[in-house]
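>>> model this:
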Amino acid sequence: MVVFRYLIREILITMAAVTAVLLLVIMGSRFIRYFADAAAGSLPVGLVGSLMLFHMPGFLQLILPLAFFLGIMLAYGQLYLNSEMTVLQACGFSPLKLLGISLWPGVFTGILVGLCSLWLTPLGLATNELTLQQQSAQADFSALSPGRFQDFGSGRTVYAEHLSENRSRLENVFISEGQDATDDSSHVVTRAESGYQVNDEQTGQRYLVLSNGHRYTVEPGGNAAERLDFATYAFRIESVASERDLDDVELQSTAQLLTRDDSDARAELQWRLSLALMIPVLTLLAMSLSRVDPRQGRFAKLLPAIMLHVVYLSLLLSAQEAMRDGVLATYIGVWPIHLAFLLFGLWLLRRTFGQRRGR
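Presented below is the predicted three-dimensional model:
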């Protein structure tokens, strides 16, 4: 029991360290993207934290299998370096028994990965997509920064010298409208002392109302312009089209996918299951690749192991795309890939430890 707890603790500690490093790197790159969008004014700063939180399950479902794989390799590699594994095997801990011990943290990791891939990740993606669509539909002033030219949708560029404290009113407004907004070849420039947003309760449309300003209409290349002075002028704010439909299979729950019989749904469902099924296969591979000679060092087989994991994951992704495109039948799907790597893991385990028993 002491050895059992010791081995599991070594695997989990190493796995946690690898997970923390990989999660920090991946989330850091995504945070930089969101922070750049917020700095450009296309995303309110207050949404960055929630968007990152709901993206975390999607990161974890990819990081945890690799972290568990490397955790076994690094933990057992250190035991081989210190000759502790030799002592354990001399005391009766056969490779099969070590494999059984390694599968216990594998079950725990598989449950976490399955929880992320089957439930939390689609929920988080759908929540983020809905949040971004609502933000685009509102097109309010929360993302505007005073003193900067920013895209306001529908071909309009807005500049405001000041914003009120509650960010509901613009002051000293400049608006440039291109062909997308005017539906002709003219270009319209509008200046106003102030502006605010109103909602039409009957139609649900949103309008930007400008006060005390001038509106200039010019033809590109022309030397004449039309000027309109106004006390109040309003134009409709159109919602920005969303990049992705909420009916996308990646955003649907696993229960919804089970009710569908199309290739897209089947491919997505097999992909979500595959992330958890990788864990026992990776355990077999890690058991063999973790065995190193003291002169080699614990990192001797690390690069080949990472490349093997990348090939495994890439083949699963390719099979998923092939199923969506109709090239690969869904009843075949990703299962031959899992079977091939499982057989390779068994062969590698027999080859590695069988030769040692022979010697």
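>>> CA atoms for contacts and neighbours, from now on please.
OK.
>>> show me what residue 173 bridges to in the sheet.
Taking DSSP bridges, one finds residue 160, residue 192 as the beta-bridge partners of residue 173.
>>> low-confidence ranges in the stretch 201-350 of the chain?
Residues of the stretch 201-350 of the chain meeting the criterion pLDDT under 70: 204, 237-246, 294, 296-298.
>>> do you know the pLDDT at residue 72?
With respect to pLDDT, residue 72 scores 93.
>>> can you give me the separation between it and residue 291?
10 Å (CA to CA, to the nearest Å).
>>> so for these two, which sits in the more crowded spot?
The neighbour count for residue 72 versus residue 291, taken as other CA atoms under 10 Å, is higher for residue 72 (28 against 22).
>>> for residue 215, grab the count of nearby residues.
Residues near residue 215, counting by other CA under 10 Å: 19.
>>> next up, the contacts around residue 274.
Applying CA atoms under 8 Å, 6 or more residues apart in numbering, we find residue 274 in contact with 316, 334.
>>> my bad, should have said residue 111
residue 276.
>>> can you give me the strands in the chain?
Counting by DSSP state E, the segments of the chain that form strands are 149-153, 156-163, 169-177, 187-199, 206-218, 225-237.
>>> ok, the fifth one: who's next to it in the sheet?
Based on DSSP bridges, the pairing partners of strand 206-218 within the sheet are strand 187-199 (antiparallel), strand 225-237 (antiparallel).
>>> residues of the first one that come out buried?
Judged by neighbour count using 16 or more other CA atoms under 10 Å, the buried positions of strand 187-199 are 187-197.
>>> closest one of those residues to residue 169?
residue 196 (4.7 Å; CA to CA).
>>> quick one, what contacts the closest residue to that closest one other than its chain neighbours?
Closest residue to residue 196 apart from its sequence neighbours, by CA to CA, 6 or more residues apart in numbering: residue 169 at 4.7 Å. With contacts defined as CA under 8 Å, 6+ apart, the neighbours of residue 169 are 163, 194-197.
>>> hmm, try it at 7 Å
Contacts for residue 169 (CA atoms under 7 Å, 6 or more residues apart in numbering) come out as 163, 194-196.
>>> and the residues you listed, which is closest to residue 348?
residue 163 (66.2 Å).
>>> surely the closest one touches residue 170?
Yes - the criterion here is CA atoms under 7 Å, and residue 163 meets it with residue 170 at 4.9 Å.
>>> measure residue 333 to residue 269 for me?
10 Å.
>>> residue 34 reaches residue 47, doesn't it?
No - between residue 34 and residue 47 there is no contact under CA under 7 Å: 9.1 Å.
>>> buried stuff in stretch 303-313?
305, 309, 312-313.
>>> need these in CSV with distance to residue 341, can you?
Output for the buried residues of stretch 303-313, formatted as CSV (distance: CA to CA, whole Å):
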residue, distance to residue 341
305, 13
309, 10
312, 8
313, 11
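>>> quickly name whichever of the residues you listed is closest to residue 29.
Relative to residue 29, and with distances defined as CA to CA, the nearest of the buried residues of stretch 303-313 is residue 313, at 21.0 Å.
>>> who touches stretch 155-165?
Contacts of stretch 155-165 (CA under 7 Å, 6+ apart): 146-152, 169-178, 180-181.
>>> return the closest of the buried residues of strand 187-199 with respect to residue 77.
residue 197 (63.6 Å).
>>> need the strands paired with strand 206-218 in CSV with distance to residue 115, can you?
CSV is the format used below for the strands paired with strand 206-218 (distance: least, CA to CA, whole Å):
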stretch, distance to residue 115
strand 187-199, 41
strand 225-237, 41
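>>> out of the ones you listed, nearest to residue 4?
Per CA to CA, nearest to residue 4 of those: strand 225-237, 64.2 Å.
>>> which residues does residue 200 contact?
residue 206.
>>> state the distance from it to residue 148.
Residue 200 sits 28 Å away from residue 148, going by CA to CA.
>>> can you check residue 131 too?
24 Å.
>>> go on, residue 271?
Taken as CA to CA, the span from residue 271 to residue 148 is 44 Å.
>>> what do you get for residue 316?
For residue 316, the distance to residue 148 - CA to CA - is 45 Å.
>>> who has more neighbours, the two?
The neighbour count for residue 316 versus residue 148, taken as other CA under 10 Å, is higher for residue 316 (22 against 14).
>>> check contacts around the more buried one.
Counted by CA under 7 Å, 6+ apart, residue 316 has contacts residue 334.
>>> got it, and the one 4 residues further on?
For residue 320, the residues meeting the contact criterion (CA under 7 Å, 6+ apart) are 267, 271.
>>> go with 10 Å
263-264, 266-271, 314, 326, 328, 330, 333-334 (CA atoms under 10 Å, 6 or more residues apart in numbering).
>>> look up how far residue 263 lies from the nearest residue to residue 272 once chain neighbours are set aside.
Leaving aside its chain neighbours, residue 272 sits nearest to residue 117 (5.2 Å; criterion: CA to CA, 6+ apart). Computed with CA to CA, the distance linking residue 117 and residue 263 is 19 Å.
>>> next one: residue 285
In terms of CA to CA, residue 285 sits 31 Å off from residue 263.
>>> okay, the two: which has more neighbours?
residue 285 (25 against 19).
>>> let me see the contact set for the more buried one.
By CA under 10 Å, 6+ apart, the neighbours of residue 285 are 69, 72-73, 279, 305, 308-309, 341-342, 344-349.
>>> what about 7 Å?
residue 345.
>>> now the helices for the protein?
Taking DSSP state H as the criterion, the chain carries its helices at 2-40, 48-81, 84-90, 95-115, 121-138, 179-182, 254-258, 263-289, 302-324, 335-358.
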